[in-house]
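Asks: task: produce atomic coordinates for the following.
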Amino acid sequence: MRVETPGGGDVRRVGATVAAAVVVASVLCAPALVFEWYAPFFLGLCALVAVGGALRATFVTAVACLPNPDPPERPPDPPTVSVVVTAYNDADALRETLAGCAALDYPADRVRVLVGYEAASTDGTEAVARRAAATDSRVRAIERAKPPGGKAAAVNHLLPHVDGDVVASLDAGQRLAPDSLSRAVGWLSADRDVWCVKGRSYGRNAGESLLSLCATVERHLAERLAFVARSRLGWFTLFTGGQAFFRTETLARLGEFDETVLLEDVEMATRIHTRGGSVRVDPAIVATERNPATLSAWASQRRRWARGGMQVARGSLGGLLRSSDASVVTRLDAVYTFAALLAVPVVVLLSPAVVAEAVAAVELAAAAPASRWLPFWPLLSLSLPCALFLRDGLDGRRHDFREYLAPVLLPAYFLLQSTVILAAFLDEFVLRRPSVYVTSRRDGGVSRHDGE
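Replies: Residues are numbered from 1 along each chain as shown. Predicted coordinates:
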């Protein structure tokens, strides 16, 4: 898989995407000019989905806001752990990650850190990795001499060097809280049905731009509310983000990460559920991270995530649905998860017909009693972040003061994100473009291939 850094995009490529969107939208909306029922049907369907999504979000928030249980105590003779860190043009971020590894509250003689750096790095990443290995006997620097191939290829290159009982996979830039490893080992040691433990990525650059602010709050909503609730309810649970913990024997059974998809962690989570395992999400396992602050970096990351999810839906969902080892609830929630992703571009493409019908419907129903409920919908979008902030406050976790203002920006933010998801949809299903792993970009134009 080719790896690129984010940029403005080739004009012809952007033009082809816009042209494809116009053509597909025209084809989807054209029947509204012939069939009177067409636009009202999809408007009603959108309204039904919106109500269902709101009810689901409310329920998920209530479940996620319950007190977080502590894991069982770490075993007296704790397992050895191989911390696998991948880095590509991540010199500064790698320093932070290694400092976090050195501060872990875990027996020092039971931890080994494998730093896999890309030989193609040009910012001094190799020097940082080798210096760490020279000054700390627990750190080993491992070069990947091939052209960059994305996160999955980088992790797979390190797996043969793992010699611990537990594998902790980290992206450069993820700095674990000191007690994170002990908590993860506690969950893995106590429950053999838990195949993977995931923590929470906590943004630390909310004040850098409006995009990083909204992305920070979005990550909180996903990882502290949605993922936690899915884990507690036994639904289809993901471990997206820059950190995850596995037993080494579990990874051996599952096999390598899939290097052909753009979202290897979601593919692996699907594989875990297909084989009857579960993913435990513990929000008290915290790793700080930086979210993209520029439009090009943010759009490249979100486009990669969206297209990767679509690739997993096409390649792996069928196997999960046929699995007798996965629960019915897990399979149904997987269908919902991928259907929701695929529904976004369809709704955007149908929006000209649906919006026109909605405007007419609102005008006709302006005096209807049901219209009085319309002002309450924006309140729902504000209430979920408020519940998140309250739960974090009870847990003693602070937020940048600007994050409390972000909810008013989220509707516009998600509208912008829907256009990115549409572009990913067109790339995958209409234009059939080759998969390209576009890295995130840090300050100064330094690129990365992590999950942030």
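Asks: all helices of this structure, in order?
Replies: Secondary structure of the chain (DSSP state H): helices at 11-29, 38-64, 91-102, 125-135, 151-158, 180-190, 210-220, 227-233, 248-254, 264-274, 295-322, 328-364, 376-394, 410-425.
Asks: and the nearest residue to residue 311 once chain neighbours are set aside, how far from residue 92?
Replies: Sequence neighbours aside, residue 261 is the residue nearest to residue 311 in space, at 4.4 Å (criterion: CB to CB, 6 or more residues apart in numbering). C-beta here means a position set from N, CA and C on the backbone, and glycine is covered the same way. Applying CB to CB, to the nearest Å, the value for residue 261 to residue 92 is 29 Å.
Asks: those two - which one has more neighbours?
Replies: Between residue 261 and residue 92, residue 261 has the larger neighbour count (other CB atoms under 10 Å), namely 24 against 18.
Asks: what does that one show for phi and psi?
Replies: Backbone torsions for residue 261, taken as degrees, to the nearest 10, come to phi -110, psi 160.
Asks: pick the most buried one from the helices of the chain.
Replies: helix 264-274 (a mean of 25; mean count of other CB atoms under 10 Å).
Asks: same question for that helix, mean pLDDT?
Replies: Throughout helix 264-274, pLDDT has a mean value of 97.
Asks: who are the packing partners of it?
Replies: Judged by 3 or more CB pairs under 8 Å, 6 or more residues apart in numbering; DSSP states H and E, helix 264-274 is in contact with helix 151-158, strand 194-203, helix 248-254, strand 278-289, helix 295-322, helix 328-364.
Asks: contact partners of it?
Replies: 150-152, 155, 195-196, 236-241, 244, 254-255, 257-258, 261, 278-279, 308-309, 311-312, 315-317, 319-320, 323, 325-326, 330, 334, 451 (CB atoms under 8 Å, 6 or more residues apart in numbering).
Asks: of the helices of the chain, which approaches residue 75 most closely?
Replies: Nearest to residue 75 among those is helix 180-190; the distance by CB to CB comes to 5.2 Å.
Asks: was I right to think residue 99 contacts residue 175?
Replies: Yes: counting by CB atoms under 8 Å, residue 99 touches residue 175, with 7.0 Å between them.
Asks: before we move on, the earlier item: and the helices of the chain: which comes nearest residue 287?
Replies: helix 180-190 (6.8 Å).
Asks: next up, the contacts around the residue nearest to residue 311.
Replies: Contacts of residue 261 (CB under 8 Å, 6+ apart): 152, 267, 308, 311, 312, 315, 435.
Asks: quick one: low-confidence ranges for the stretch 1-150 of the chain?
Replies: The model of the stretch 1-150 of the chain has pLDDT under 70 over residues 7-10.
Asks: ok, residue 425 to residue 327 distance?
Replies: Taken as CB to CB, the span from residue 425 to residue 327 is 29 Å.
Asks: oh, I was asking about residue 15
Replies: Counting by CB to CB, the gap from residue 15 to residue 327 is 46 Å.
Asks: kindly report the same for residue 4.
Replies: Taking CB to CB, one finds residue 4 at 39 Å from residue 327.
Asks: looking at these two, which one has more neighbours?
Replies: Ranked by neighbour count (other CB under 10 Å), residue 4 and residue 327 place residue 327 first, with 15 against 12.
Asks: find the centremost residue of this protein, please.
Replies: residue 240 (4.0 Å; CA atoms, centre = their mean).
Asks: surely that one is in contact with residue 263?
Replies: Yes: with contact defined as CB under 8 Å, residue 240 and residue 263 form a contacting pair (7.5 Å).
Asks: mind listing the shared neighbours of these two?
Replies: What both residue 240 and residue 263 touch, as defined by CB under 8 Å, 6+ apart, is the set residue 305.
Asks: buried set for stretch 392-405?
Replies: 392, 397, 399, 400, 403 (16 or more other CB atoms under 10 Å).
Asks: from memory the first one sits against residue 399, does it?
Replies: In this case it means residue 392. Yes: shown here, residue 392 and residue 399 form a contact pair, counting by CB under 8 Å, at 6.6 Å.
Asks: shared neighbours of the two, anything?
Replies: residue 220.
Asks: shouldn't residue 245 be in contact with residue 165?
Replies: No: with contacts counted by CB under 8 Å, residue 245 stays clear of residue 165, the gap being 11.3 Å.
Asks: okay, these two: which has more neighbours?
Replies: More crowded of residue 245 and residue 165, by other CB under 10 Å: residue 245, with 27 against 17.
Asks: ok, residues contacting stretch 335-344?
Replies: For stretch 335-344, using CB under 8 Å, 6+ apart, the contacting residues are 49, 53, 236, 306, 309-310, 312-313, 317, 321, 418, 421-422, 425.
Asks: go again using 6 Å as the cut-off
Replies: Stretch 335-344 has contacts (CB atoms under 6 Å, 6 or more residues apart in numbering) with 236, 309, 313, 317, 418, 421.
Asks: what sits against the third one?
Replies: Residues counted as contacts of residue 313 (CB under 6 Å, 6+ apart) are residue 338.
Asks: how much space between residue 291 and residue 297?
Replies: Distance from residue 291 to residue 297, counting by CB to CB: 9 Å.
Asks: got it, and residue 162?
Replies: Counting by CB to CB, the separation of residue 162 from residue 297 is 31 Å.
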